[in-house]
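A.B. asks: With the input below, show me the fold.
(one chain, ligands or ions: 1)
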Amino acid sequence: MPVDCPFSIVEYGRVSIARIYFEEIAPTYNQRLEGIYWSWFRHRELRQVETFIDSLQENEKLLDAGCGTGFYGKYFEKSKSLQVSYLDISPSMLGQIDSPRKYCEAVEVFALQDRFQTILCFGVLEFCENPQKAIENCLKHLLPQGALYLIIPRKGFTGKVYQSYHRRHGVTVSTVSKSQLDMLVQSAGGGIEKIEKLFPFNFLVKVHRG
Ligand SMILES: C[S@@+](CC[C@H](N)C(=O)[O-])C[C@H]1O[C@@H](n2cnc3c(N)ncnc32)[C@H](O)[C@@H]1O
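C.D. replies: A predicted model of the protein is given here:
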């Protein structure tokens, strides 16, 4: 069931294109993830992410920014009893999440009263016109000792395959090298605490406030 958008969506740059695209694929998004290839791939990814995220405390507040249908947020909500908030530009993605804390907004401009111990921004920045603004805004919503975790595609052959997949659907996505990511995070006022390659084409990154 689609969800109402209580906040206005600021439609600028790629946000509107990404929104149309994800609205279109939202009804079959979970089905796709349950297919043999994607479910193998996602569970492999989940294992690495779970080991990488070393800062989760029971009952803490986590924001899943660009949550899609809430794959990660739902998982951590259950396994670690966290209080999870969900944010996405696609009402139809959010409509598949059963939670009182859902926000239909762009990661670059959302403004919540809450501050979070942990923010996940997985597979979102590549769709943003201004990823620096998105990182800045996430960092603003962290508690002083909080951590922002990113999944972002890296430059290289597999990153190019990912880009051309999206190009076929009219969507432009960015990839980054490690030094570009370093600069991006620094200009957003953060620092990279640790970074790993995440199969097949991503970086998995932990960012703290600078
Ligand atoms: C590839 S999916 C990843 C979903 C989820 N994070 C996951 O790992 O399963 C990207 C999601 O980001 C959302 N998105 C794209 N651009 C966004 C933006 N500027 N602000 C908020 N969400 C955005 C899309 O609607 C989509 O649900």
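
A.B. asks: use CA for all of it now, contacts and neighbours both
C.D. replies: Will do.

A.B. asks: Give me the buried positions along the longest helix along the chain.
C.D. replies: Longest helix in the chain by number of residues (criterion: DSSP state H): helix 14-33. By neighbour count on 16 or more other Cα atoms under 10 Å, the buried set for helix 14-33 is Val15, Ser16, Ile17, Ala18, Arg19, Tyr21, Phe22, Glu23, Ala26, Pro27, Tyr29, Asn30.

A.B. asks: now those as TSV including pLDDT and distance to Ile97?
C.D. replies: Below are the buried residues of helix 14-33 laid out as TSV (pLDDT from 0 to 100; distance: Cα to Cα, whole Å):
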residue	pLDDT	distance to Ile97
Val15	75	21
Ser16	82	22
Ile17	86	22
Ala18	89	19
Arg19	89	17
Tyr21	92	19
Phe22	94	15
Glu23	92	14
Ala26	95	12
Pro27	94	12
Tyr29	92	13
Asn30	92	11
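
A.B. asks: Next, format these as CSV and append distance to Lys80.
C.D. replies: Formatted as CSV, the buried residues of helix 14-33 follow (distance: Cα to Cα, whole Å):
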residue, distance to Lys80
Val15, 32
Ser16, 34
Ile17, 34
Ala18, 31
Arg19, 30
Tyr21, 32
Phe22, 28
Glu23, 30
Ala26, 26
Pro27, 28
Tyr29, 25
Asn30, 22
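
A.B. asks: Serialize those to JSON lines and add fields for distance to the ligand.
C.D. replies: Formatted as JSON lines, those follow (distance: Cα to the nearest ligand atom, whole Å):
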{"residue": "Val15", "distance to the ligand": "5"}
{"residue": "Ser16", "distance to the ligand": "9"}
{"residue": "Ile17", "distance to the ligand": "9"}
{"residue": "Ala18", "distance to the ligand": "5"}
{"residue": "Arg19", "distance to the ligand": "6"}
{"residue": "Tyr21", "distance to the ligand": "8"}
{"residue": "Phe22", "distance to the ligand": "5"}
{"residue": "Glu23", "distance to the ligand": "7"}
{"residue": "Ala26", "distance to the ligand": "8"}
{"residue": "Pro27", "distance to the ligand": "11"}
{"residue": "Tyr29", "distance to the ligand": "9"}
{"residue": "Asn30", "distance to the ligand": "9"}
